[in-house]
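Novice: Turn this into a model:
(one chain, ligands or ions: 1)
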Amino acid sequence: MFRFFENLVDPYTKYQNTDMPPRTLFSFMWQYSQPFKKVFAWAAITSVIVAFVEIGLIYYMGWIIDILSSDPKKVWAQHGTFLIILAVFILFVRPTIHVINVALMNNTILPNYATLYRWRAHRHVLRQSVGWFENDFAGRIANRIMQTPPAAGEAVFQVFDAITFALAYLIGAWIMLVQADWRLSIPLIIWFVLYSLLTRWTIQRVGPASKASSDARSTVTGRVVDAYTNIHSVKMFAQGNAELDYAKQAIENTRKTFQTEMRISTKQEIGLVLLNGLLVVGVVGWALILWAQAEASVGIVAAATALTLRLNGMTGWIMWALSSFFRQLGVVSEGLETISHPIEMTDIKNAKPLKITNGLIEFKGLSHHYGRKSGGLSNVSLSIMPGEKIGLVGRSGAGKSTLLKLLLRFYEVESGSILIDGQSVSLVSQDSLRQQIGMVQQEGSLLHRSIKENILYGREEASREEMINATKKAEAHNFILKLIDMEGRLGYDAHVGERGVKLSGGERQRITLARAILKNAPILLLDEATSALDSEVEAEIQKTLYGMMEGKTVIAIAHRLSTIAQMDKIFVMDNGSIVESGTHTELLSKNGLYGSFWTHQSGGFINIEKN
Ligand code: ADP
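Specialist: Numbers count the residues shown, from 1 in each chain. All right, here's what the predicted structure looks like:
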């Protein structure tokens, strides 16, 4: 039975992936709710039936009291069959409808809705650009992906579990009282109007309060995770206390926002208790007056009493459910700031894959200031011939990495263009562009998975032999074989720790190198590719690197003399512009910036800092 209900909706079902998800809460929820339409309809129908059955039970309880006042000998003869039908209904039909209603909500809607939400939200967010991620805390994004889906599920749950049920129940109660004596329904109507006003008062406050509270929680997670992921810096600079203060501000903010939420909750409770007193006294008192005037039977008084007591018990729950509904919607709308953010850097419609025929790279009038007025790159133009190997040299902050990142289209170029074999990088599909560019970085980051998975990231379908070949070339095979992680996994199966922190810089670099070797892309970018290696391993790896460069267009950011010396041409960058270019000898004879780097060389590196 469970499996039937659990499988009614497939949370991973195909859907139209949009770059511009709806921004308003309800249209967003509506879009994600599409696969659930039928289930929602059934949940609503069964909720209404359950509510009417409940009212029916109270009605028949009054009826039984009334027939008890007639002649006991005749009761069975007159009402026996109906009483049996009633018993069968209560024993079998009512539980069946109830179980279907509960199973639809507990087993179909709750788990699947949150799963669908989380899956789609993560898929959407993962498509955002590097720049988008850099503008937010990873912790905050993760928190939103984690807390929004269950909140959305809970909100939908309340719609059927409480709201539909309560509305149907109230309508049923009203019909029942009108049938008994229309005057009895007047206190119910007055109560309902006041109750609605109280509910409106609550809801208007709960939504924003809960959004503020949820926002505050996401900020705490953002700050805390930021400290944990950068724990080295925190310890290095003995900034533990400052970090605590930074987090405390955010934690205190969550307390304040939570206090606001709770004040609303208590005020609402006070209003509710007063209102319910009014309901009980109103309906039961009136029923007693009617009975005293012989206008109502004992059964009616009993049913009216049972009904108001039941309503009395229920109203707290309904209001709680309503405010929970709006609180959850508050969480969802906070999450939407991340989850429904449009994808800003998209492939153009019908983008073609990049076709590399020769490997000619042209940067034309490229400027990129990261959305500011200065910094980044200004008007950079350069061409790299097919198969040419060029070196980029310059002080840190000169714009070297920016140039490579723009070539990879991690950011949208602000002005100018980048062409590979005549095709603009912003017009070809992003995946095809990045698939054909290999990169080895100074700070090669590894995923917290096994070594094998990390290397195969370069080319998933590579065989084990190809993988080992690559690691041997990168001088990584031997040390990998000796690895063992905390859980006793060995060699290629050992896990590397978040961002590869359990390996030395040199080891990490060799693994990222192996990954690039395996990828074997026609364009190769090296960002201080051998900076973390000791000189012995470096000599070996340089050989591999030169082998790798064979037949490829290469851009290398370097300040190691031995790397620079191998380059066909060197571009010197400063303050976001190319200031000199030429071969090593040409540049030396110019006696410019490169010349001064060279004069101050030390320990195998040109000195880009002190001049
Ligand atoms: P290099 O690689 O030569 O050290 P970068 O390309 O990293 O230099 O940086 C060039 C300039 O762009 C610097 O002034 C830096 O502050 C700025 N910059 C780099 N990355 C970003 C970014 N993600 N957002 C804003 N500014 C950036």
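
Novice: Tell me the secondary structure at the spatially closest residue to residue 581 that is not a sequence neighbour.
Specialist: Excluding the flanking residues, the one nearest residue 581 by C-beta to C-beta, 6 or more residues apart in numbering is residue 571, at 4.7 Å. In this view, the C-beta of every residue, glycine as well, is placed from N, C-alpha and C. Here residue 571 takes the strand state, with states given by DSSP: H, G, I helix; E, B strand; the rest coil.

Novice: For residue 571, list each beta-bridge partner.
Specialist: residue 392, residue 581 (DSSP bridges).

Novice: 23 is where my numbering starts, stick with that
Specialist: Okay, residue one is now 23; in that scheme the one you just asked about reads as residue 593.

Novice: doesn't residue 412 make contact with it?
Specialist: Yes - Residue 593 lies in contact with residue 412 (C-beta atoms under 8 Å); the separation is 6.2 Å.

Novice: And these two? Which one has more around it.
Specialist: residue 593 (24 against 19; other C-beta atoms under 10 Å).

Novice: Assumed residue 34 was part of a strand.
Specialist: No - Residue 34 sits outside any strand when classified using three-state DSSP, being coil.

Novice: Spit out the contact partners of it.
Specialist: 137-138, 141 (C-beta atoms under 8 Å, 6 or more residues apart in numbering).

Novice: Narrow those to those that are buried.
Specialist: 137-138, 141 (16 or more other C-beta atoms under 10 Å).

Novice: In helices, which of these appear?
Specialist: Counted as lying in helices by DSSP state H, out of the buried ones among the contacts of residue 34, are 137-138, 141.

Novice: between these, which is closest to the ligand?
Specialist: Looking at these and their distance to the ligand, the nearest is residue 141, at 29.0 Å (C-beta to the nearest ligand atom).

Novice: The closest one contacts residue 35, doesn't it?
Specialist: No - the criterion here is C-beta under 8 Å, and residue 141 misses it with residue 35 at 9.9 Å.

Novice: Name the residues of the stretch 23-172 of the chain found near the ligand, please.
Specialist: For the stretch 23-172 of the chain, the residues found near the ligand under the criterion C-beta under 6 Å from any ligand atom are residue 156.

Novice: If you tally nearby residues, what's the number for the residue in the stretch 23-172 of the chain positioned nearest to the ligand?
Specialist: At 5.0 Å from the ligand, residue 156 is the closest residue in the stretch 23-172 of the chain, using C-beta to the nearest ligand atom. Residue 156: 11 surrounding residues under other C-beta under 10 Å.

Novice: Which pLDDT does the model give it?
Specialist: On the pLDDT scale, residue 156 is placed at 86.

Novice: Residue 351 now?
Specialist: Value for residue 351, per-residue pLDDT: 88.

Novice: now do residue 166
Specialist: 90.

Novice: which residues touch it?
Specialist: Residue 166 neighbours (C-beta under 8 Å, 6+ apart): 143, 240, 356-357, 359-361.

Novice: try 6 Å
Specialist: Listed by C-beta atoms under 6 Å, 6 or more residues apart in numbering, the contact set of residue 166 reads 240, 357, 360.

Novice: Equivalent analysis for residue 47, please.
Specialist: residue 355.

Novice: Return the backbone torsion pair for it.
Specialist: With angles defined as degrees, to the nearest 10, residue 47 sits at phi -50, psi -50.

Novice: Same question for residue 484.
Specialist: Dihedral angles for residue 484 - degrees, to the nearest 10 - are phi -60, psi 150.

Novice: quick one: it and residue 539 touch, right?
Specialist: No - with contact defined as C-beta atoms under 6 Å, residue 484 does not reach residue 539; the gap is 10.3 Å.

Novice: neighbour-wise, which of these two wins?
Specialist: More crowded of residue 484 and residue 539, by other C-beta under 10 Å: residue 539, with 27 against 17.

Novice: Please report the distance of the more buried one from the ligand.
Specialist: 23 Å (C-beta to the nearest ligand atom, to the nearest Å).

Novice: Now name the helix or strand holding that residue.
Specialist: helix 527-541 (DSSP states H and E).

Novice: Is the residue most central in space within the chain within a helix or a strand, and which one?
Specialist: By C-alpha atoms, centre = their mean, the chain has its centre lying nearest to residue 167, at 2.6 Å. Assigned by DSSP H and E, residue 167 falls within helix 160-180.

Novice: Which helix or strand lies directly C-terminal to that helix?
Specialist: helix 187-202.

Novice: one step back: so the residue nearest to the centre of the chain sits right up against residue 143, yeah?
Specialist: Yes - if you go by C-beta under 6 Å, residue 167 and residue 143 touch, sitting 5.4 Å apart.

Novice: Which strand residues bridge the nearest residue to residue 429 once chain neighbours are set aside?
Specialist: Spatial nearest neighbour of residue 429, chain neighbours left out: residue 440 (5.8 Å); criterion: C-beta to C-beta, 6+ apart. Assessed by DSSP bridges, residue 440 has beta-bridge partners residue 385.

Novice: Enumerate every residue touching residue 440.
Specialist: 385, 429, 447.

Novice: same thing but 10 Å
Specialist: For residue 440, the contact set (C-beta atoms under 10 Å, 6 or more residues apart in numbering) comprises 383-386, 388, 402, 425, 428-431, 446-448, 455.
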